[in-house]
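*Asks:* this is a predicted model, with the sequence first.
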Amino acid sequence: MARVLVVGAGLTGGACAALLRGATRERLCVWDKARGAGGRMSTSRSARDAACTADLGAQYVSRRAESRGSFYEELLSHGILEPLSARIEGLVEKEGSCDYVAPQGISSVVKYYLRQSGADVFYERHVTHISLRDGKWEVSSKMGSPELFDVVILTMPVPQILQLQGDIINIINERQKQQLESASYSSRYALGLFYEVGARIDVPWAAKYITDNPCIRFISIDNKKRNVESPEIGPSVVVHTTVTFGIEHLDSDPAEVQELILSHLENLVPSLPKAASVKCQKWRYSQVTKAVPNCSGQMILHSQPLLICGGDGFTCSNFDGCIESAMSLAETVRSHL
Ligand SMILES: Cc1cc2nc3c(=O)[nH]c(=O)nc-3n(C[C@H](O)[C@H](O)[C@H](O)COP(=O)(O)OP(=O)(O)OC[C@H]3O[C@@H](n4cnc5c(N)ncnc54)[C@H](O)[C@@H]3O)c2cc1C
């Protein structure tokens, strides 16, 4: 039975694994370096109350006229997505477009696909080396022994593919390397603020885009944005910085960055109570500003055995972009098995 490894339990990896389910008799594994599923569609929990959560990466899923409707219908029918009904100040509404939120947190979208895939999912598996051994891929991670796979699918941000060691370095040809190196991403910080039960946040919006602050671009009362207001769970707030701030502070001390963001937040929303806990997340590779050119959602790095890469770096940074890449990856893998 062929063994297939998907590296990355983000939306592209999760959806690709789900699309591969039952396609053949292969045994499917998903490895991620993080402690949980979601990637940039991450939902963080308060250190003091696991029920208090916040979406630190992607905020909503936007369906456009040209989107593949069946994916949205499936998530809506399972209650994973719901229409965005809260007031978002400054959200640009596109004609024929519809925005959805995930009431259980945006990572629930990825978790849904991972469940559908039936794959064996392993966290804290940080892949470091990929090399050829006896016609298979030997994949090494920081924890655990190296394992052999017949097919490897990489779904991490493109610069992280280029950081991998082993035979993969020589397998990526000069032209592919140039293509991969030309992809670029924005960088930004996200802050999650978690409050005690009963804390009151008195603002007339659920989220707001800020256009005149050097540090903060977006503030969301995250539970309100997700249509979840419960007397038993404390509210949560998410702040995204501007890209300029993100780049400027990319290698700064995280504690200092957190204080800086908090001081700007206090000026912008003076009525905010003090949070019970705060999480600062650096998104070094936040959203794709230039995708890998001349590829259709994926790139084959080696054919026999198959080593292939995809993700939003090969399309664009949204739900549709990840699904397009996942479909293209799954189709290519099936045709090789
Ligand atoms: C701040 C922010 C706001 C956003 N807002 C929106 C939005 O509102 N709507 C929207 O649709 N999109 C939004 N996006 C974009 C969206 O989140 C991404 O396009 C999408 O999540 C990318 O999914 P992916 O699976 O391709 O990559 P990722 O989510 O990055 O998944 C890759 C996975 O690979 C893992 N990984 C990396 N290297 C290794 C390794 N060596 N070994 C093992 N695992 C590894 C990572 O831990 C990660 O889980 C936003 C992104 C950010 C950061």
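*Replies:* That came through fine.

*Asks:* contact residues of the protein facing the ligand?
*Replies:* 7-13, 31-34, 39-41, 57-61, 125-127, 155-157, 160, 188, 190, 240, 283, 286-287, 311-312, 317-319, 322 (Cβ under 6 Å from any ligand atom). (C-beta placed from N, C-alpha, C; glycine too.)

*Asks:* going through these, which ones are buried?
*Replies:* 7-13, 31-33, 39-41, 57-61, 125, 127, 155-157, 160, 188, 190, 240, 283, 286-287, 311-312, 317-319, 322 (16 or more other Cβ atoms under 10 Å).

*Asks:* select from those residues every entry located in helices.
*Replies:* In this view, those that belong to helices under DSSP state H are 11-13, 160, 319, 322.

*Asks:* and of those residues, the nearest to residue 213?
*Replies:* Closest to residue 213 out of those is residue 319 (27.6 Å), distances taken as Cβ to Cβ.

*Asks:* identify the farthest-apart pair in the ones in helices among the buried ones among the residues of the chain next to the ligand.
*Replies:* 160 and 319 (20.8 Å).

*Asks:* what's the spacing between residue 7 and residue 260?
*Replies:* Residue 7 sits 34 Å away from residue 260, going by Cβ to Cβ, to the nearest Å.

*Asks:* which residues does the residue lying closest to residue 218 once chain neighbours are set aside contact?
*Replies:* Spatial nearest neighbour of residue 218, excluding adjacent residues (Cβ to Cβ, 6 or more residues apart in numbering): residue 240 at 4.1 Å. Residue 240 makes contact with 188-190, 216-218 under the criterion Cβ atoms under 8 Å, 6 or more residues apart in numbering.

*Asks:* how about a cut-off of 6 Å?
*Replies:* Residues near residue 240 by Cβ atoms under 6 Å, 6 or more residues apart in numbering: 188, 190, 217-218.

*Asks:* a markdown table please, covering those residues and showing pLDDT and distance to residue 141.
*Replies:* Formatted as a markdown table, the contacts of residue 240 follow (pLDDT from 0 to 100; distance: Cβ to Cβ, whole Å):
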| residue | pLDDT | distance to residue 141 |
| --- | --- | --- |
| 188 | 98 | 28 |
| 190 | 98 | 26 |
| 217 | 98 | 35 |
| 218 | 98 | 34 |
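
*Asks:* return the member of those residues nearest to residue 80.
*Replies:* The closest of the contacts of residue 240, once distances to residue 80 are taken by Cβ to Cβ, is residue 190, at 21.7 Å.

*Asks:* ok, which stretches of the stretch 101-250 of the chain are strands?
*Replies:* Secondary structure of the stretch 101-250 of the chain (DSSP state E, counting those that start in this stretch): strands at 120-122, 127-133, 136-141, 147-149, 151-154, 184-185, 188-194, 207-209, 216-221, 236-241.

*Asks:* centroid-nearest residue for this structure?
*Replies:* Nearest to the geometric centre of the chain sits residue 40, at 2.2 Å (Cα atoms, centre = their mean).

*Asks:* could you find the closest non-adjacent residue to it?
*Replies:* Ranked by Cβ to Cβ, 6+ apart and with sequence neighbours excluded, the top spatial neighbour of residue 40 is residue 57, at 4.1 Å.

*Asks:* surely the one you found touches residue 38?
*Replies:* No. At 7.4 Å, residue 57 does not count as touching residue 38 under the criterion of Cβ atoms under 6 Å.

*Asks:* list the residues that contact residue 57.
*Replies:* If you count contacts by Cβ under 6 Å, 6+ apart, then residue 57 has 40-42 around it.

*Asks:* try 7 Å
*Replies:* Applying Cβ atoms under 7 Å, 6 or more residues apart in numbering, we find residue 57 in contact with 40-42, 106, 190, 283.

*Asks:* low-scoring stretches of the protein, by residue?
*Replies:* By pLDDT under 70, the low-scoring segments of the chain are 23-25.
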